[in-house]
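**Student:** The amino acid sequence is not available; the structure is as follows:
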């Protein structure tokens with residue numbers, strides 16, 4: 001099970017992470033560190049998390065296993081420049097803005113799962129038939145996809161179910 005916490009309140013990334021970890025995971029003084037590529041992690045912790053933002057939405061995925069997470073607001077338009085960078089197989093699955101963001105968030109959540117950068121990994125990743133491919137090979141990493149609050153969400157990792165909790169005030 002992966003827990004997804006989100007808010008539309010204006011809040012800093014680290015402030016939101018610490019709030020969730022203190023309140024829901026009983027970690028009184030969480031020390032947030034970052035990898036060389038900027039992926040946040042909890043020093044000495046057994047909890048994994050990943051943060052995403054989109055048009056006023058701040059969302060955090062928290063679980064017991066490695067996780068990559070992305071969300072995008074569905075009110076935007078498919079970006080032609082980005083759409084052209086999808087593979088032919090992906091383009092064949094993209095028929096709407098919602099499809100575009102399903103593919104976008106799946107790809108980006110995988111990049112974040114790896115702890116890599118979008119620039120370094122984008123052309124190696126493909127999301128087809130609900131599966132992630134890297135360098136042409138199926139990765140076996142699961143993608144949990146869902147839409148809520150007019151946003152597309154993707155979680156990469158060994159998760160099959162999610163809980164969704166809206167945070168009204170931090």
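**Tutor:** Received, thanks. Please read these numbers as outputs of a predicted model, since none were measured by experiment.
**Student:** and the longest helix belonging to the chain, what does it pack onto?
**Tutor:** Ranked by residue count and defined by DSSP state H, the top helix of the chain is helix 97-114. Applying 3 or more CB pairs under 8 Å, 6 or more residues apart in numbering; DSSP states H and E, one finds that helix 97-114 contacts strand 48-54, strand 68-73, helix 80-83, helix 118-121, strand 125-128, strand 131-134, strand 143-148, strand 151-156. Where you see a C-beta, it was placed from the backbone N, CA and C, and this is true even at glycine.
**Student:** So which residues make contact with it?
**Tutor:** 39, 50, 52, 66-72, 74, 76-79, 82-83, 86, 90, 93-94, 117-118, 121-122, 125, 127, 132, 134, 139, 141, 143, 145, 147, 152-157 (CB atoms under 8 Å, 6 or more residues apart in numbering).
**Student:** Mind putting the helices and strands packed on helix 97-114 into JSON lines with mean pLDDT?
**Tutor:** Shown next, in JSON lines, are the helices and strands packed on helix 97-114 (pLDDT from 0 to 100):
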{"stretch": "strand 48-54", "mean pLDDT": "96"}
{"stretch": "strand 68-73", "mean pLDDT": "96"}
{"stretch": "helix 80-83", "mean pLDDT": "84"}
{"stretch": "helix 118-121", "mean pLDDT": "84"}
{"stretch": "strand 125-128", "mean pLDDT": "97"}
{"stretch": "strand 131-134", "mean pLDDT": "97"}
{"stretch": "strand 143-148", "mean pLDDT": "97"}
{"stretch": "strand 151-156", "mean pLDDT": "98"}
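**Student:** Need the ones you listed in a markdown table (columns: distance to residue 107).
**Tutor:** Formatted as a markdown table, the helices and strands packed on helix 97-114 follow (distance: least, CB to CB, whole Å):
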| stretch | distance to residue 107 |
| --- | --- |
| strand 48-54 | 13 |
| strand 68-73 | 8 |
| helix 80-83 | 10 |
| helix 118-121 | 8 |
| strand 125-128 | 5 |
| strand 131-134 | 8 |
| strand 143-148 | 9 |
| strand 151-156 | 8 |
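**Student:** That's all I had, so thanks and see you.
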